[in-house]
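In: turn this into a structure:
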Amino acid sequence: MKLSVVMPVYNERATLKKVVEKVLAVPLEIELICVDDGSRDGSVEILRELQRHCPQIKLVLQPKNMGKGAALRRGIQEATGLYVIIQDADLEYDPSEYAILLDPLIQGKADVVYGSRFLGGHAHRVLYFWHFVGNGLLTLFSNILTNINLTDMETCYKMFRREVIQSIPIEEDRFGFEPEITVKIAKRRLRIYEVGISYWGRTYEEGKKIGWKDGVRALWCLLKFSIKEQRVNARASEMLENELADRSKQAVSDEVVPPR
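Out: Numbering: from 1, shown residues only. Purely as a prediction, here's the structure:
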């Protein structure tokens, strides 16, 4: 069973070697797809050196800095594993916990599994209060619009059956990926599970990039894609109804009337 790990990379020189080492240490058949998003700190050179010694690594280079969503869109289409997980190139999430997310998928219970930072008895680094509040509000707003009961919509750790994630068009180029994909999988009525994971958040001094503007964008994305997906589903239902009606008419016209 092969797991494709899609890792967007943007100026992660400080943690890159360590996180790659942790991913490749997972006792699974791993395909690590590193998508460099225009790094300027030597991350590409580190990835090229690692690739020379690790055939599991597939390196993809973006032509310029295009954002996390754009990097994920590119990497996901490159995936060939049975399952796909998103992995940040820092040390906030622990790859040794992949098995926890895989379990509902392997059992055939889920199409998508979210690793929640707010469930269960796993270790968490204590950091920013307002980030916690912001995550809670975004998840609440997401649940209201999608009618699902997630505890952590913004988590990085999302694992999918490959055919599921490759069938969903990703439009957002930056951090809007999280609300976009959440709305789209909810509107498609896919089977979603959550499992508790650990979280070792980093400070801004340590390289954290997301800010309050990204939170505002996430709210906008939740609203935008909720409306957009409703329209898509309505059009799909209308097309299906028309197709069924056409088939019914064709069946009637093709019916052979028995002789009297």
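In: pretty sure residue 31 is touching residue 79, no?
Out: Yes. With the criterion set as C-beta atoms under 8 Å, residue 31 and residue 79 qualify as a contacting pair; they are 6.9 Å apart. C-beta: built from backbone N, CA, C; applies to glycine.
In: show me where the stretch 1-150 of the chain has its helices.
Out: If you assign secondary structure with DSSP state H, counting those that start in this stretch, the helices in the stretch 1-150 of the chain sit at 16-24, 43-53, 68-78, 98-106, 129-146.
In: could you check the angle the second one makes with helix 16-24?
Out: Read that as helix 43-53. Computed by axes from the mean of the first three to the mean of the last three C-alpha atoms, to 10 degrees, the angle separating helix 43-53 from helix 16-24 equals 40 degrees.
In: remind me what helix 43-53 packs against, helices and strands.
Out: In this structure, helix 43-53 makes packing contacts with helix 16-24, strand 29-36, strand 57-61, judged by 3 or more C-beta pairs under 8 Å, 6 or more residues apart in numbering; DSSP states H and E.
In: okay, these, which one's buried deepest?
Out: Burial of the helices and strands packed on helix 43-53 is given as mean neighbour count (mean count of other C-beta atoms under 10 Å); strand 29-36 ranks first at a mean of 23.
In: and residue 122, what is it in contact with?
Out: 196-199 (C-beta atoms under 8 Å, 6 or more residues apart in numbering).
In: if we use 10 Å, what do you get?
Out: With C-beta atoms under 10 Å, 6 or more residues apart in numbering as the criterion, the residues that contact residue 122 are 94, 97, 100, 115-116, 195-199.
In: what's the answer for residue 152, then?
Out: 114-119, 135-136, 138-139, 178, 194, 196-197, 199 are the contacts of residue 152 under C-beta under 10 Å, 6+ apart.
In: what does residue 47 give?
Out: Applying C-beta under 10 Å, 6+ apart, one finds that residue 47 lies in contact with 7, 9, 12, 16-17, 20, 32, 34-36, 39, 54, 57, 59-61, 89.
In: low pLDDT regions in the protein?
Out: In the predicted model of the chain, residues 121, 124-128, 130, 202-212, 231-260 satisfy pLDDT under 70.
In: which parts of it are strands?
Out: 2-9, 29-36, 57-61, 83-86, 112-116, 158-161, 192-196 (DSSP state E).
In: possible to save these as a markdown table with distance to residue 143?
Out: A markdown table is the format used below for the strands of the chain (distance: least, C-beta to C-beta, whole Å):
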| stretch | distance to residue 143 |
| --- | --- |
| strand 2-9 | 25 |
| strand 29-36 | 30 |
| strand 57-61 | 34 |
| strand 83-86 | 20 |
| strand 112-116 | 12 |
| strand 158-161 | 16 |
| strand 192-196 | 11 |
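In: all helices for the stretch 151-260 of the chain, in order.
Out: Taking DSSP H, counting those that start in this stretch to define them, one finds helices in the stretch 151-260 of the chain at 162-166, 177-187, 212-254.
In: which residue is the nearest non-sequential neighbour of residue 168?
Out: Closest residue in space to residue 168, ignoring its immediate chain neighbours: residue 184 at 5.2 Å, by C-beta to C-beta, 6 or more residues apart in numbering.
In: quick one, what contacts the one you found?
Out: Contact partners of residue 184, counting by C-beta under 10 Å, 6+ apart, are 146, 165, 167-171, 190, 225-226, 228-229, 232.
In: equivalent analysis for residue 65, please.
Out: So, once contact is read as C-beta under 10 Å, 6+ apart, residue 65 ends up touching 10-11, 36-40, 71.
In: so what's the spatially most central residue of the chain bridging to?
Out: Nearest to the centroid of the C-alpha atoms of the chain, with distances taken as C-alpha atoms, centre = their mean, sits residue 158, at 4.9 Å. In this entry, residue 158 is beta-bridged to residue 114, by DSSP bridges.
In: much appreciated, bye for now.
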